[in-house]
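J.: Predicted model follows, preceded by the sequence.
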Amino acid sequence: MKVALIDVARVIRSKNSGPFELTLDIMFKEKEMYELFKARNLINPELIATLYGVTPEEVLSVVYFEPAQAIKATLKRLIPSGAPGDRDIYGAQQHGPLLDLEWELT
């Protein structure tokens, strides 16, 4: 069974977590799919680091948050919010790399 994140998530978004950090939120439509992602640790620091071109150490946390059926990943921003060269002051356009994720689950 092939599973695309955009098909099982209700919300995929990004936002600032202060001027130096970015948080990615993935909220699942169904508890069963959230539990599957959690059990298999499909969203992890190594994956986030690869998608965002940073080291795993720059991924500050990946939290599976049961009450919201959500995964929150926080990483260091490459450019601080509002600094010269920042193209997304609110961090609201950084979730794009998550939209193409898919897994072959058996």
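T.: Right, received. Where do you want to start?

J.: Alpha carbons of the helix or strand hosting E46, as CSV, please.
T.: Using DSSP states H and E, E46 sits within helix 45-52. Extracted as CSV, the C-alpha positions of helix 45-52 are listed here (Å, rounded to 0.1, in the frame of the first residue of the first chain):
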residue,chain,number,x,y,z
PRO,A,45,15.0,14.0,12.7
GLU,A,46,17.0,12.3,9.9
LEU,A,47,14.1,12.7,7.4
ILE,A,48,13.5,16.4,8.3
ALA,A,49,17.2,17.1,8.1
THR,A,50,17.4,15.5,4.6
LEU,A,51,14.3,17.4,3.4
TYR,A,52,15.5,20.8,4.7
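
J.: show me what contacts Y34?
T.: Counting by Cβ atoms under 8 Å, 6 or more residues apart in numbering, Y34 touches F28, Y64, Q69, A70. (Each C-beta comes from the backbone N, C-alpha and C, glycine too.)

J.: D7 is in contact with the first one, correct?
T.: Looking back up the chat, that one is F28. No. Counting by Cβ atoms under 8 Å, F28 does not reach D7; the two are 10.6 Å apart.

J.: Those two: which is more packed in?
T.: Neighbours were counted for F28 and for D7 using other Cβ atoms under 10 Å; F28 has more, 21 against 10.

J.: Not counting sequence-adjacent ones, nearest residue to the most centrally placed residue in the chain?
T.: With distances taken as Cα atoms, centre = their mean, the residue of the chain nearest its centroid is L24 (3.8 Å). Closest residue to L24 apart from its sequence neighbours, by Cβ to Cβ, 6 or more residues apart in numbering: A73 at 4.5 Å.
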